[in-house]
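Peer 1: Quick one, fold the following:
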Amino acid sequence: MQTEKRDIRALSKEQLRAFFVENGDKAFRGNQVYEWLWSKSAHNFDDMTNLAKNTRQMLEENFVINHIKVDTMQKSEDGTVKNAVRLHDGLVVESVLIPTEKRTTACVSSQVGCSLDCNFCATARLKRMRNLGADEIYDQVVAIDRESRLYHNHPLSNIVFMGMGEPLMNYNNVLKAIEMITSEEGLGMSPKRIMVSTSGIPKMIKKLADDEVKFKLAVSLHSAIDEIRARIMPFSKNFPLADLREALEYWYRKTKSKVSYEYVVWKGINDNKESVDALVKFCKYVPCKVNLIEYNPIDDGEFQQASEEAIVAYIKALENIGIVVKVRRSRGKDIDAACGQLANKEGNEL
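Peer 2: Here you go, the predicted structure:
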């Protein structure tokens with residue numbers, strides 16, 4: 001009975017070097033393969049042209065490269081590109097290329113479906129089927145970088161983990177992917193150009209701080225009132241705002257990095273003075289900025305975009321206490337370029 005081949009990208013460089021030594025070859029051969037797998041993003045072993053044919057055959061007999069495939073690609077009139085990404089087991093996730101005048105941002109997924117139950121989010125209606133591997137996250141970025149170069153004539157400049165899934169519920173793989181994205185042996189991108197967005201899991205935010213990560217943190221907040229937040233995001237009953245506040249204060253003490261709050265204003269839900277005042281108060285705890293997100297309804301249900309007057313009320317109140325506020329308008333409406341947790345959103349300024 002034939003055993004299932006292992007995905008070679010699950011091996012570290014040291015393990016690859018050991019594999020070649022065990023098979024009577026030189027250790028440096030592992031370095032060559034590692035470079036092909038990550039820096040050059042080889043899709044198959046025959047691409048590794050500086051390896052002898054019998055070496056490539058040995059790799060083929062022992063391993064697979066479970067590379068993603070961009071199944072369908074849609075391009076919006078505004079330059080936004082949505083990829084339906086097929087994984088090696090047939091499951092599909094989405095990633096999005098979001099261009100602005102000065103940058104291109106990749107919005108990537110970290111799970112197939114989502115572990116959480118945010119009522120406003122289309123992805124939350126899909127049960128979590130599995131976590132993505134570090135290589136599958138990495139591959140999304142490589143694909144979008146190629147599209148950025150093709151359609152916008154420059155390399156990808158920023159990455160946001162705001163696609164399908166809750167990144168901190170796939171902690172190890174997300175951090176491994178970022179390690180490879182920022183490594184000189186991978187894509188060599190600056191961690192300062194990467195933002196991980198979480199729905200707010202206090203324990204894992206503290207772990208990020210303890211692990212001394214260099215990327216930026218965004219929190220999908222949407223209300224600074226526990227009862228309203230629980231209506232929007234039922235799972236947050238287990239993570240009250242007092243705990244989230246404590247975790248964010250811990251994050252800032254350890255990292256000295258500002259937090260970005262992602263915040264949608266919905267009609268009849270959080271478009272009142274009480275909600276505005278609560279957010280103003282919450283923003284005083286930790287140095288932060290606020291991204292007010294334009295919402296694209298996923299149906300005709302209770303979550304509908306608030307009036308422009310409600311948005312202006314938030315802007316004025318936040319700016320009065322010196323908080324930087326950005327309004328994020330929807331992108332790619334003509335292709336429904338949903339970006340995970342919050343439907344369509346423009347790339348954050350990192």
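
Peer 1: which residues touch the residue nearest the centre of the chain?
Peer 2: Closest to where the C-alpha atoms of the chain average out (CA atoms, centre = their mean) is F161, at 1.2 Å. With contact set as CB atoms under 8 Å, 6 or more residues apart in numbering, F161 has these partners: 108, 110, 167, 174, 194-197. Just so you know, the C-beta spots here come from the backbone N, C-alpha and C atoms, and that holds for glycine as well.

Peer 1: rerun that using 6 Å as the cut-off
Peer 2: For F161, the contacting residues are 110, 167, 196-197, by CB atoms under 6 Å, 6 or more residues apart in numbering.

Peer 1: ok, which pair from these is furthest apart?
Peer 2: Based on CB to CB, the longest span within these runs between S110 and S197 and measures 9.9 Å.

Peer 1: In strands only, show me the contacts of F161.
Peer 2: The members of those that map onto strands under DSSP state E are 196-197.

Peer 1: Nearest to P155, out of the contacts of F161: which one, please.
Peer 2: Looking across these and measuring by CB to CB, the closest to P155 is V196, at 20.6 Å.

Peer 1: wait, doesn't that closest one sit right on E166?
Peer 2: No - here V196 does not reach E166: they are 10.2 Å apart, not a contact under CB atoms under 6 Å.

Peer 1: Among these two, which residue is more densely surrounded?
Peer 2: For V196 versus E166, the count of surrounding residues by other CB atoms under 10 Å is larger for E166: 29 against 23.

Peer 1: separation between the more buried one and F239?
Peer 2: Using CB to CB, to the nearest Å, E166 is found at 12 Å from F239.

Peer 1: Where does the prediction get shaky in this protein?
Peer 2: Across the chain, the ranges flagged by pLDDT under 70 are 1-3, 115-128, 297-301, 330-350.

Peer 1: any idea which of the contacts of F161 has the most stuff around it?
Peer 2: P167 (30 neighbours).

Peer 1: Okay, buried residues for stretch 196-208 please.
Peer 2: By 16 or more other CB atoms under 10 Å, the buried positions in stretch 196-208 come out as 196-202, 204-206, 208.

Peer 1: what does it rub up against?
Peer 2: 116, 161-162, 166-168, 215, 218-220, 239, 243-244, 247, 250-251.

Peer 1: what do you get for stretch 48-62?
Peer 2: 36, 42, 45.

Peer 1: and these, which of them are in helices?
Peer 2: Those of the contacts of stretch 48-62 mapping onto helices are W36, per DSSP state H.

Peer 1: Out of the contacts of stretch 48-62, the closest to P234 would be?
Peer 2: Using CB to CB, A42 is the member of these that lies nearest P234, at 43.4 Å.

Peer 1: Please give me every residue in contact with the closest one.
Peer 2: A42 is in contact with 36, 48, counting by CB under 6 Å, 6+ apart.

Peer 1: Quick one: the helices in the stretch 1-150 of the chain, in order.
Peer 2: 13-22, 28-37, 53-62, 134-152 (DSSP state H, counting those that start in this stretch).

Peer 1: helices or strands up against the last one?
Peer 2: In other words, helix 134-152. On a contact count with 3 or more CB pairs under 6 Å, 6 or more residues apart in numbering; DSSP states H and E, helix 134-152 meets strand 92-99, strand 104-107, helix 171-182.

Peer 1: what does the shortest one contact?
Peer 2: Going back to what we said before, that points to strand 104-107. The contact list for strand 104-107 (CB under 6 Å, 6+ apart) reads 96, 98, 141, 144, 148, 152, 156-160, 162-163, 339, 347.

Peer 1: how far does that strand sit from the chain's center?
Peer 2: From the chain centre to the centre of strand 104-107 is a distance of 10 Å (CA atoms, centre = their mean, to the nearest Å).

Peer 1: in its sheet, what does that strand sit against?
Peer 2: Paired neighbours of strand 104-107 in the sheet (DSSP bridges): strand 92-99 (antiparallel), strand 158-161 (parallel).

Peer 1: what about the strands in the protein?
Peer 2: So, for the chain - with DSSP E - the strands run 6-7, 63-64, 69-75, 81-86, 92-99, 104-107, 111-112, 130-131, 158-161, 194-198, 216-220, 259-264, 288-293, 324-328.
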